[in-house]
Structures are given as structure tokens and as C-alpha cells.
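>>> When you get a sec, could you give me coordinates for this:
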Amino acid sequence: MISTSGKNRIAVMAVVLLGLLILGSAVIPIVRAAPAVTTINGGGEAIVYDSAKGEVFVNSDPNGPSKPGFAQVISDSTNKVIDNITVGDNPYGITYDSGKGEIFVVNRNSNTVSVISDSTNTVVATVNVGTEPNEAAYDSGKGEVFVSSPSTNSVAVISDSSNKVVANVTVGSQPYGLAYDPAKGEIFVANNGGNSVSVISDSSNTVLTTITGVNQPYGVGYDSGTGQIFVSYGASVAIISDSTNSIVTTVRTGTVAYGLAYDPAQAEMLVADADSDNVAIIPDSNQTAAAVTYVSVGYFDYYVTYDSGMGEAFVSNEGLTTVSVFSVGAPSTATTSLTPSTTSSVLPTSSSSSIKTSTTATSTISSTSVSAPVSSSTVTTSSSSKSSSSISISWSYLGIVGVNAALFLVLGGIFLAKRVKRSGSS
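From the prediction side, this is the model:
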């Protein structure tokens with residue numbers, strides 16, 4: 001026969017186990033392990049999709065400062081690197097010019113922009129711009145490329161017909177990310193040091209207005225479905241109406257929101273969150289934190305681009321020097337990681353706490369040599385890599401279930417305490 005104290009212990013164990021089952025049921029439906037990951041050679045810095053060629057261009061800087069970097073070309077049909085193009089020192093920003101079929105690569109330490117023809121994969125021009133240029137955006141309405149320069153608080157305007165700077169626009173302090181709004185003919189510039197966003201008219205190359213309310217913004221993305229501008233800053237994204245130039249809402253996406261890319265097929269914005277190693281997905285239909293889902297990718301995922309031909313997202317993982325690829329329509333499917341033979345990388349120094357600098361110590365490139373990463377001749381498969389898991393998560397749902405489980409445990413404890421008290425007094 002079981003004693004009263006034994007019955008109490010059994011009841012306590014039952015309550016605890018039931019609580020754990022509730023928590024387990026919260027995790028199982030929303031965390032789904034992906035199949036094995038194919039790993040081949042690839043890039044790891046800024047990234048852009050070339051819709052005409054069905055290729056993705058990604059910057060790679062394996063040789064470190066004072067040496068040329070590379071723009072690597074990935075075929076989206078094979079997910080393999082098919083070419084390495086030598087550019088300038090510390091290639092950083094990148095943008096695709098659909099009018100000319102060219103890629104513009106911003107070389108931060110060279111103070112230049114390399115212009116690459118996507119038909120020959122060769123550099124056809126080198127444009128001198130401002131000191132330490134950073135990011136770039138293509139203006140299809142004017143046939144121009146806008147390049148930010150944080151050290152001069154300005155944006156250089158390059159004509160793609162002459163490959164020359166035709167204007168310099170003074171903006172806020174430390175401009176970084178840019179995005180072109182074709183509906184308005186405007187360029188939105190994130191001023192990281194000025195805690196603001198400058199709106200430039202591409203017809204006059206002047207600042208029309210300055211939007212405040214964002215702390216150390218970095219990335220900018222245009223949402224063609226809603227006519228809104230998404231600006232990443234800190235752990236959130238501010239959503240700006242391009243008709244009123246005011247912030248309409250703010251959505252928390254993780255820990256350090258960075259690069260953005262819009263998926264018009266699914267009507268959602270993709271946000272690379274560097275510290276959480278996730279891509280946050282914000283649907284146009286519900287721009288709230290509760291509706292955000294996440295796909296787990298590689299380490300320090302700073303940039304993302306959307307491949308409309310394949311319906312896939314290509315994510316640049318600076319910390320691992322990899323590129324992760326996943327289907328946006330099915331975020332729980334397998335992730336493909338493209339990995340080069342080196343892991344050395346350099347980010348620009350900044351006073352902003354949201355701009356990270358990371359250099360890994362496993363580079364195999366000699367300090368006196370300048371060579372392109374090895375092409376994709378070596379293919380390995382791994383199912384244990386961090387970037388091999390693809391996760392779709394609703395944190396609000398997890399939080400609600402967690403609170404309910406905790407409440408259940410507390411109420412169960414109170415009930416058991418009363419029962420023990422009664423049995424002790426009897």
C-alpha cells in the first residue's frame with residue numbers, strides 16, 4: 001500500500017511531466033530539421049541576383065586588406081560557383097543594373113566601383129567615387145547607381161551610360177544602406193550615425209526630406225507590393241510609407257537586423273538577422289512580430305537577395321564565409337550552403353554598435369599571395385552543420401504556450417501544497 005507521502009511525490013512528478021509535455025508540444029510542430037546540406041565553394045559578403053542570367057553575384061574578400069577581392073558568380077540552376085572575377089580592395093556593397101546587364105561592386109578600401117559585364121564576367125570599367133564607399137542601389141528610372149560614403153556623409157551618383165560620377169548628394173551622418181523606390185523616383189538612404197533616413201529625388205539629386213525615429217539604421221529595402229520602405233535598425237525593422245514619408249509601424253525581427261530583400265511572389269520581406277543567424281520573414285498581410293517566421297541559416301548572415309527565377313533566397317553568411325539557399329515558398333525545406341576554401345573576412349570599422357566586425361582565424365590563404373577561392377570541384381555533404389537546419393518559428397505562439405505551462409505548474413504546486421498540509425494535519 002502506498003503511503004500518503006508517496007502519493008504526494010507521484011502527484012508532483014505527474015504535474016512536472018505534464019508541464020514538460022505541454023512545452024514539448026509547443027516546439028515539435030514549429031521546429032523541423034532539414035535534410036542533409038550540400039556544401040560547395042562560394043562567397044560570403046554582399047550579394048545580388050541577376051535576373052537576366054539566372055545567376056547570383058556575391059562579394060568575397062579572402063585575401064584581407066590591401067589586396068584585391070572577388071565577385072563570385074553562382075549559377076542558380078546548379079548552386080555552384082562558375083566564375084571568380086577580380087575586383088578592388090575590400091569589395092563591400094553590390095547592385096545589379098538590369099538596363100545594362102552589369103554588376104556594380106563597391107570596393108571600400110580602393111575608393112572605387114568595379115563595373116562587371118554579366119555577358120563576359122569581366123570588369124569593363126572602374127569608377128572613382130568618395131572616400132570609403134559602402135553600399136549601392138540601382139535606379140532603373142534614370143539609369144544611375146547611387147553609392148553611399150559614410151566617411152563623407154554623401155551619396156555619389158554614377159551614370160551607367162558614361163560610368164562617371166554625375167552628382168554628389170549630401171545626406172545625414174554615416175550613410176549606409178540604400179534602396180530605390182520606382183513608384184516615387186526616390187532613393188531612401190539609412191544614415192547610421194544620424195539616426196535618420198534621407199529621401200533623395202532622382203530628378204533633382206537633392207534631399208526632399210529626412211525621416212527620424214530610427215536608431216542607427218543600416219539596411220533599406222523597397223516593398224513593391226505595399227509601396228513601403230523597410231529600414232533595419234537594432235533588433236527591429238521600421239516600415240515607412242512612401243506617400244507620407246513617415247513610419248507607420250515597427251516590427252521586431254530578432255537581435256541585429258541587417259540586409260533586406262523583397263519577395264513579390266509571396267508578398268513578404270526577407271530580413272537577414274546577423275546575431276540570431278536567422279532570416280526573418282515579414283508578410284505584407286500582417287506586419288506584426290506575431291506573424292514573423294524564421295529560417296535558420298549560417299553564422300553572421302548580413303545580406304540576403306531574392307531569386308525570382310527559382311523562388312529562392314540566397315543568404316550571405318559572413319561569419320562562416322558561406323551562402324545559404326532556401327526555398328522561400330517552403331521555408332522548412334533543405335538548405336544548400338556554398339562554402340569557399342577560406343573563412344577570412346573583414347567588415348568596416350564603425351562607431352555603431354549594430355555594425356559588427358568579425359575575422360575568423362582559419363584562412364588558408366598566404367599573407368603574401370593573392371588568389372581566387374578554389375572553384376566548386378570539391379563537394380561535401382553534411383547533416384550536422386548549424387546552417388543545415390531550416391526552422392519556421394512563431395515566437396508569439398511559443399511564448400503563449402510557455403506561459404500557460406508555467407501557470408499550470410504554479411497552480412499545480414499550490415494544489416499539492418494544500419494537499420500536503422491537509423494530510424499532515426490529519
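>>> Residue 294: what's its closest spatial neighbour, skipping adjacent residues?
residue 278 (4.3 Å; CB to CB, 6 or more residues apart in numbering). The C-beta positions use only the backbone N, C-alpha and C, and glycine is treated the same way.
>>> need the contact list for the one you found.
Going by CB atoms under 8 Å, 6 or more residues apart in numbering, residue 278 touches 254, 294-297, 301, 391.
>>> redo that, cut-off 6 Å
Residue 278 is in contact with 254, 294, 296, counting by CB atoms under 6 Å, 6 or more residues apart in numbering.
>>> Please report phi then psi for residue 152.
Taking degrees, to the nearest 10, you get phi -110, psi 0 for the backbone angles of residue 152.
>>> helices and strands around the lengthiest strand in the chain, which ones?
Counting by DSSP state E, the longest strand found in the chain is strand 80-89. Counting by 3 or more CB pairs under 6 Å, 6 or more residues apart in numbering; DSSP states H and E, the packing neighbours recorded for strand 80-89 are strand 68-75, strand 102-107, strand 112-117.
>>> can you dump the C-alpha coordinates of it into PDB?
Output in PDB follows, covering the C-alpha atoms of strand 80-89 (Å, rounded to 0.1, in the frame of the first residue of the first chain):
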ATOM      1  CA  LYS A  80      27.800  26.100 -57.900                       C
ATOM      2  CA  VAL A  81      30.400  28.900 -58.300                       C
ATOM      3  CA  ILE A  82      31.000  29.200 -62.100                       C
ATOM      4  CA  ASP A  83      33.400  32.200 -62.100                       C
ATOM      5  CA  ASN A  84      35.600  34.400 -59.900                       C
ATOM      6  CA  ILE A  85      36.100  38.000 -61.000                       C
ATOM      7  CA  THR A  86      38.900  40.100 -59.500                       C
ATOM      8  CA  VAL A  87      37.700  43.500 -58.300                       C
ATOM      9  CA  GLY A  88      39.100  46.100 -55.900                       C
ATOM     10  CA  ASP A  89      40.200  46.000 -52.300                       C
END
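>>> how about TSV for the contacts of residue 278, with neighbour count and distance to residue 210 added?
Output for the contacts of residue 278, formatted as TSV (neighbours: other CB atoms under 10 Å; distance: CB to CB, whole Å):
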residue	neighbour count	distance to residue 210
254	24	27
294	23	32
296	23	36
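>>> ok, of those, which one's closest to residue 72?
Closest approach to residue 72 among the contacts of residue 278 (CB to CB): residue 296, at 23.5 Å.
>>> measure that closest one to residue 115 for me?
35 Å (CB to CB, to the nearest Å).
>>> cool, and residue 144?
Look at residue 144 and residue 115: by CB to CB, they are 13 Å apart.
>>> Return the set of residues that bridge with the residue nearest to residue 66 when sequence neighbours are not counted.
Distances taken as CB to CB, 6+ apart put residue 89 closest to residue 66, at 6.2 Å, once the chain neighbours are dropped. Listed beta-bridge partners, residue 89: residue 68 (assigned using DSSP bridges).
>>> Am I right that residue 89 is in contact with residue 110?
Yes. Counting by CB atoms under 6 Å, residue 110 is a contact partner of residue 89 at 4.4 Å.
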